[in-house]
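> Pasting the sequence and the predicted coordinates here, then a few questions.
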Amino acid sequence: MIGYREIAALRAKEEKERERIALAERKAKQPRFDKGQGVRCDEPSFTGLVGHVVEMREGKAVVSFGGPFTFNIASWLLQPDQLSDVPVLAA
């Protein structure tokens, strides 16, 4: 019988490889969002924030989180916000 400790390193390596593949697949998809569509970003700098797309530019979305600033965020980092089903046109 093989003990857990003997394969723990292999399991950790396998998990890292799964995460790498998932990230590559997300990047390859490059989703597009409509102007005014609600989006969220789970990256550490934007965790918990929900914004609206102001415009799309070459694989990046210009997103407003309700303040005076907009942010250029790679579209593969964004996900549609399930709670914002009514688009709001950003100024």
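That came through fine.
> CA atoms for contacts and neighbours, from now on please.
Will do.
> Just the buried residues of the helix or strand bottoming out on mean pLDDT in the chain, please?
Lowest mean confidence among the helices and strands of the chain (mean pLDDT, DSSP states H and E): helix 4-29, at a mean of 86. Of the residues in helix 4-29, none is buried by neighbour count under the rule 16 or more other CA atoms under 10 Å.
> can you tell me how far the closest residue to residue 77 other than its chain neighbours sits from residue 1?
In space, and not counting its chain neighbours, residue 77 is closest to residue 41: 6.2 Å by CA to CA, 6 or more residues apart in numbering. Distance check for residue 41 against residue 1: by CA to CA, to the nearest Å, it reads 44 Å.
> CA atoms only: put stretch 62-81 into CSV for me.
Provided in CSV are the C-alpha atoms of stretch 62-81 (Å, rounded to 0.1, in the frame of the first residue of the first chain):
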residue,chain,number,x,y,z
VAL,A,62,-12.4,49.6,-19.3
VAL,A,63,-14.3,49.1,-16.0
SER,A,64,-15.9,51.7,-13.7
PHE,A,65,-16.5,50.7,-10.1
GLY,A,66,-18.6,53.7,-9.4
GLY,A,67,-15.9,56.2,-8.6
PRO,A,68,-14.2,58.9,-10.7
PHE,A,69,-11.6,56.4,-12.0
THR,A,70,-11.8,53.7,-14.7
PHE,A,71,-9.5,50.7,-14.8
ASN,A,72,-8.2,48.7,-17.8
ILE,A,73,-8.5,45.1,-16.9
ALA,A,74,-7.8,42.0,-19.0
SER,A,75,-11.1,40.6,-20.0
TRP,A,76,-10.1,37.1,-19.0
LEU,A,77,-9.9,38.3,-15.4
LEU,A,78,-13.5,39.4,-15.4
GLN,A,79,-16.7,37.5,-14.9
PRO,A,80,-20.2,38.6,-15.6
ASP,A,81,-22.0,39.7,-12.4
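> Show the average pLDDT along it.
For stretch 62-81, mean pLDDT rounds to 90.
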